[in-house]
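S.K.: Sequence first, predicted model second:
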Amino acid sequence: MPLNIACFGQPGSYTYEAMKSYFAGKNISPAYGSHFEDVVQAVATRQARYGVLPIENSSTGGITDVYDLIHRYDCCVVGEKYVKVEHCLLTLPGTKLEDIREVYSHPQGLNQCRSYLKHHGEWQLHPYFSTSQSAEQVQKMEDPHIAAIANKTAADMYGLDVLVEHINDNTMNYTRFFIIAADMEQSPEADKITLVLTTQHRPGALYHVLGYFFYNGMNMTHLESRPLKGRPFEYFFHIDVMGNLRNPATSRVLRNLAEHCNYFKILGNYVSDQGGNVDEIRRHRG
């Protein structure tokens with residue numbers, strides 16, 4: 001029986017690439033959602049076994065709506081995948097650069113190509129559901145004055161030309177994707193933990209929380225703050241830290257940490273993405 005997968009966007013999107021790569025070799029049945037909440041709801045109501053969503057980009061940072069939705073719908077993080085982002089300007093066959101008047105893309109896509117788009121200030125920009133749906137929109141409208149920012153996969157799927165390649169500002173542009181599920185999954189190979197917490201509202205509270213990781217040799221790889229609804233200037237902190245919950249020392253540190261938080265929840269313990277794009281990122285940093 002195929003795995004039911006809820007995927008943001010539609011075929012040809014970067015999320016689509018993340019899904020195909022993460023579930024390579026497995027029998028899957030994808031369903032696509034135009035909104036992040038469509039995907040999270042499908043997982044929370046168990047219409048889909050897994051969901052695939054972008055969670056952060058190396059150029060534009062965390063995708064805060066996704067953090068909020070995963071927490072609100074009580075979903076778990078069971079995996080991650082990194083995909084290199086290579087935005088292209090896609091048009092109907094035969095279109096020339098001087099023909100373009102309007103450009104469609106996901107807001108993140110437009111934001112990640114700001115420098116290129118500044119050279120074409122006369123173009124009208126249209127934030128759209130996803131990069132792949134922007135490509136489909138160009139195909140459907142059959143207007144040579146309209147272009148999309150998306151990847152080469154979308155160009156192939158929707159019969160478009162790649163008019164200009166590599167238009168994103170950052171050539172080392174990556175998006176990290178979460179694989180979510182309704183229930184937590186654990187494996188002996190799990191090496192990354194995602195958790196959410198709130199600190200006591202007093203000076204130095206976050207400093208002391210982070211000290212638990214530092215003094216116990218646990219590598220914190222990401223920290224994202226989100227406002228607490230109805231509590232001005234108080235925050236949820238979403239944290240990624242390396243470790244396995246089956247390790248007694250790791251579990252002890254997290255239990256001690258939880259006792260000093262107003263709210264503490266582990267969203268997942270999963271195998272971090274290794275090799276491929278991640279190795280390229282590390283080589284670039286080196």
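M.R.: Right, received. Where do you want to start? Numbers count the residues shown, from 1 in each chain.

S.K.: All the helices of the stretch 51-200 of the chain, in order from the start?
M.R.: Ranges of helices in the stretch 51-200 of the chain, per DSSP state H, counting those that start in this stretch, are 64-72, 107-112, 114-118, 131-141, 152-157.

S.K.: Could you list the buried residues of the last one?
M.R.: The reference is to helix 152-157. Residues 153, 154, 155, 157 are the ones in helix 152-157 that count as buried (16 or more other CB atoms under 10 Å). (Each C-beta comes from the backbone N, C-alpha and C, glycine too.)

S.K.: Give me whichever of the helices of the stretch 51-200 of the chain is most buried.
M.R.: Per residue and on average, the most neighbours among the helices of the stretch 51-200 of the chain fall to helix 131-141, with a mean of 23 (mean count of other CB atoms under 10 Å).

S.K.: Find me the pLDDT at residue 200, would you?
M.R.: Model confidence at residue 200, given as pLDDT, is 80.

S.K.: Phi, psi for the closest residue to it other than its chain neighbours please.
M.R.: Distances taken as CB to CB, 6 or more residues apart in numbering place residue 262 nearest to residue 200, at 5.9 Å, with adjacent residues excluded. Dihedral pair for residue 262: phi -70, psi -30, per degrees, to the nearest 10.

S.K.: which stretch among the helices of the stretch 51-200 of the chain comes nearest residue 25?
M.R.: helix 152-157 (18.9 Å; CB to CB).

S.K.: I'd like to know which elements that closest one is packed against.
M.R.: strand 88-91, helix 131-141, strand 161-164 (3 or more CB pairs under 8 Å, 6 or more residues apart in numbering; DSSP states H and E).

S.K.: I'd like the ones you listed as JSON lines, with mean pLDDT and distance to residue 251 appended.
M.R.: Converted to JSON lines, the helices and strands packed on helix 152-157 look like this (pLDDT from 0 to 100; distance: least, CB to CB, whole Å):
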{"stretch": "strand 88-91", "mean pLDDT": "98", "distance to residue 251": "46"}
{"stretch": "helix 131-141", "mean pLDDT": "96", "distance to residue 251": "40"}
{"stretch": "strand 161-164", "mean pLDDT": "98", "distance to residue 251": "50"}
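
S.K.: Can you check which of these gets nearest to residue 18?
M.R.: Checking those against residue 18 by CB to CB gives helix 131-141 as the closest, at 12.3 Å.

S.K.: Show me what the closest one is packed up against.
M.R.: Checked by 3+ CB pairs under 8 Å, 6+ apart, helix 131-141 has strand 88-91, strand 102-105, strand 146-150, helix 152-157 packed alongside it.

S.K.: got a markdown table for these, with distance to residue 257 too?
M.R.: Listed next are these as a markdown table, based on distance: least, CB to CB, whole Å:
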| stretch | distance to residue 257 |
| --- | --- |
| strand 88-91 | 45 |
| strand 102-105 | 41 |
| strand 146-150 | 42 |
| helix 152-157 | 42 |
